[in-house]
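>>> just a sequence and a predicted model for now, questions to come.
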Amino acid sequence: MKTAVETAVLQRLRQAGAERFKALGWPTTRIEEWKYTSLAALAKMQWSAAIPGGEAPVLTNSMVGVAAVEMLFVNGHFHSMQGEPPRGISVSNLAAAADSDVVEQHLGRYADLERSAMTALNAANIEDGAVIVAGERVPFEGFIHLIFAGSGDGVWSHPRNLIVAGRGSQLTVVESFVGTGAYFTNSVTEIVAADGAVVDHYKIGCESATAYHVGSVHYHQERASSVTSRNVVAGGALVRNDITGILAGEGASLTLEGLFVITGQQHADNHTLIDHVSPRCESHEIYKGILDESARGIFDGRIIVRPNAQKTVSRQENRNLLLSEKAVVDSKPTLEIHNDDVKCNHGSTIGQLDEEAMFYLRSRGIDEEDARTLLVLAFASELVNRMKIEPVREQVRRALFRQMPERLPEQREKGR
Amino acid sequence: MSLLEIKNLTAGIEGKEILKGLSLSVGAGEVHALMGPNGSGKSTLANVLAGRPRYEVTGGSVTYEGRNLLEMAPEARAREGVFLAMQYPVEIPGVNNTYFLKAALNAMRKHRGEEELDAIEFLQLARQKMKVVGFDESFMNRGVNEGFSGGEKKRNEIFQMAVLDPKLAILDETDSGLDIDALRIVAEGVNTLRSEKHAVLVITHYQRLLQYLVPDFVHVLSNGRIVKSGGKELAEELEQKGYEWLETEVATAR
């Protein structure tokens, strides 16, 4: 492993981030985009970075042997890497690759620290993360797994990832967030899909029940590229995700799928923004929420169709299942269309479990709790089943069971 | 003792009384047909027997194997051997047909103190029963009733019935919307269930199903009450004369 290379790029980002965060300060609920999510509790805390070289946590989500490469970051510090990337794929940590052309060219170009205080905060504290590059026309069938483990109360980390899929390449990256304690993870991932590239990106959020997570993912898509984003929230005391897709090149397509499964006092806020800049692009978005007990969920999905983006096709759907009378969800789909030649539709539903389906299952001898389990899983399975990596599906299912121990008694043991 | 004993049952939905003092006795080994015009209370009876929520029982009693059926949860009724083939089976995308039916069967076996079936044993049983109802195996890998046609949904009901092997099967207008082939298959499915241990209550508007599925008893339901009972010839009489003559007859008798 190379030692950290201090480069002009990182220094610039750090400085710009620090200045900008100083000017913006922590977001407050007076800002429209943060209306439902208060970071007041975080802002009051005295956070500090962990000392590098701590012991590796016990991982239950490792996919070593299945993933081509698995990288582990502990409290933001690079810990270890297992496996070998195939030819044409390069995987390294940011601190080691900071002087590379790719980092020079792309880092900080898509995540705008001028507009986002949390991105500025990430930049100000930039330390490490993953840098993954797929060479031109490299069809990588496997996947790369990045684990970000947080541990310790009052510890923050600011993982910073850069993923670049070259022309006509194929690349799958899974980001997993786990941990123990009341830590705070503030991650930023920038993903570039060059002409014709196919990118599958997973963000699996299983943070500890007392942890805070703020994270943004930025997809930048060139001509005829195709990106699928799968975002799962199944942990954390407070989670805020900002997923942004810029359809910059003609004929690009973007799929955003999200599933948040929360309970207790958990708070999950998912903001998505799809920006149709060029003509003949497609976006398909579906976000589903399952909320139990006093959980609080937000889906804010904004789609912009620019004047130049003729022949845009865009579909957006948000469906939420409330399992308790105390659970609350806000669904806010927004379409901004600036030309006439588009096909867009969006829909949003909030509901309880289907009474007819419950009765049907019970009338065949399945008891009420098990029937509820089956229907909750059925609601989630539409999205889970579309995940292409079996161990990921399995992890998501397990996370789901962990989130719903009261509702899913029969499955509880299997989930552990 | 009858398997099912309904006495003076009054019940309805959303405050509206539909069954107005219905009495019916069904013994093991018997096939009863319950006929009547729309709105006479046929489906209400089926739903009350299966325990569908929102239906309220306001009076009378239903005894099944000597126990108060009305006090039992829907799943408890099912485990004791009551099966309702529904008029409008619901689609449940995301719940796999095989998984669902195996879970249902094993819930019953567990209840009876029997060993649960593993995946292979279940599949063997399911395949055998599929033949009876001409149910294609590809349906098993789909969501429960997901994307099924009306006829396929009804067949699935009969298939489930064949697998679960209930003591009391209630068929709520299973014949409606079926073509003649499907009708024959449904009837055959029910006929294979016929034995001295099983009882069947066939609820229907038309007589045509009863050509293939000959009942031991026929009852005519009108305005929430059974107004006439007889043998299989009563069904034929109804087919010829319609329901109106009966209603007139009842009115005259009052």
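Perfect, thanks for sending it. Numbering: from 1, shown residues only, chains lettered A, B, ... in the order given.

>>> can you give me the helices in the stretch 251-400 of chain A?
Per DSSP state H, counting those that start in this stretch, the stretch 251-400 of chain A carries helices over the ranges A:355-362, A:368-384, A:390-403.

>>> er, chain B actually
Along chain B, counting by DSSP state H, helices occupy B:42-50, B:74-79, B:97-111, B:119-133, B:150-164, B:180-193, B:209-212, B:233-241, B:244-253.

>>> can you list the neighbours in contact with the third one?
Going back to what we said before, that points to helix B:97-111. For helix B:97-111, the surrounding residues in contact (Cβ atoms under 8 Å, 6 or more residues apart in numbering or on different chains) are A:361, A:364-367, A:370, A:374, B:75, B:78-80, B:92, B:115-117, B:119, B:122-123, B:125-126, B:139-144, B:156, B:160, B:163-164. Every residue, glycine included, has its C-beta placed from N, CA and C.

>>> let's see it at 6 Å
The contact list for helix B:97-111 (Cβ atoms under 6 Å, 6 or more residues apart in numbering or on different chains) reads A:Arg364, A:Gly365, A:Ile366, B:Arg79, B:Glu116, B:Phe122, B:Met140, B:Arg142, B:Val144, B:Val163.

>>> check the gap between the last one and B:Gly60 for me.
Just to be clear, that refers to B:Val163. 32 Å (Cβ to Cβ, to the nearest Å).

>>> okay, those two: which has more neighbours?
Here B:Val163 and B:Gly60 are compared on neighbour count by other Cβ atoms under 10 Å in any protein chain shown; more neighbours surround B:Val163, at 22 against 17.

>>> got the CA coordinates for stretch A:137-157 in PDB?
In PDB, the C-alpha atoms belonging to stretch A:137-157 read as follows (Å, rounded to 0.1, in the frame of the first residue of the first chain):
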ATOM      1  CA  ARG A 137     -14.800  -1.500 -23.400                       C
ATOM      2  CA  VAL A 138     -14.000  -3.600 -20.400                       C
ATOM      3  CA  PRO A 139     -17.000  -5.800 -19.700                       C
ATOM      4  CA  PHE A 140     -16.600  -6.600 -16.000                       C
ATOM      5  CA  GLU A 141     -19.200  -9.200 -15.100                       C
ATOM      6  CA  GLY A 142     -18.300  -9.400 -11.400                       C
ATOM      7  CA  PHE A 143     -18.600  -6.700  -8.800                       C
ATOM      8  CA  ILE A 144     -16.600  -4.600  -6.300                       C
ATOM      9  CA  HIS A 145     -17.700  -4.300  -2.700                       C
ATOM     10  CA  LEU A 146     -16.800  -1.300  -0.600                       C
ATOM     11  CA  ILE A 147     -17.500  -1.600   3.100                       C
ATOM     12  CA  PHE A 148     -17.600   1.500   5.300                       C
ATOM     13  CA  ALA A 149     -17.600   0.600   8.900                       C
ATOM     14  CA  GLY A 150     -18.200   3.200  11.600                       C
ATOM     15  CA  SER A 151     -17.500   2.700  15.200                       C
ATOM     16  CA  GLY A 152     -17.300   4.700  18.400                       C
ATOM     17  CA  ASP A 153     -19.500   7.500  19.800                       C
ATOM     18  CA  GLY A 154     -18.700  11.000  18.600                       C
ATOM     19  CA  VAL A 155     -16.500   9.800  15.700                       C
ATOM     20  CA  TRP A 156     -17.200  11.100  12.200                       C
ATOM     21  CA  SER A 157     -15.900  10.100   8.900                       C
END
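
>>> pull out the buried residues from it.
A:138, A:140, A:142-152, A:155-157 (16 or more other Cβ atoms under 10 Å in any protein chain shown).

>>> repeat for stretch B:23-38
Neighbour-count burial for stretch B:23-38 flags B:Leu24, B:Val26, B:Ala28, B:Glu30, B:Val31, B:His32, B:Ala33, B:Leu34, B:Met35, B:Gly36, B:Pro37 (criterion: 16+ other Cβ under 10 Å).

>>> which members of these are the farthest-apart pair?
By the measure Cβ to Cβ, B:Ala28 and B:Pro37 form the most distant pair in the buried residues of stretch B:23-38, at 29.5 Å.

>>> now do the contacts for the residue of the stretch 251-400 of chain A found nearest chain B.
Ranking the residues of the stretch 251-400 of chain A by distance to chain B (Cβ to the nearest Cβ) places A:Ala378 first, at 2.9 Å. Taking Cβ under 6 Å, 6+ apart as the contact definition, A:Ala378 lies against B:Gly94, B:Val95.

>>> change it to 8 Å
Applying Cβ under 8 Å, 6+ apart, we find A:Ala378 in contact with B:Ile92, B:Pro93, B:Gly94, B:Val95, B:Gly143.

>>> show the pLDDT at it.
What the model reports for A:Ala378 is a pLDDT of 92.
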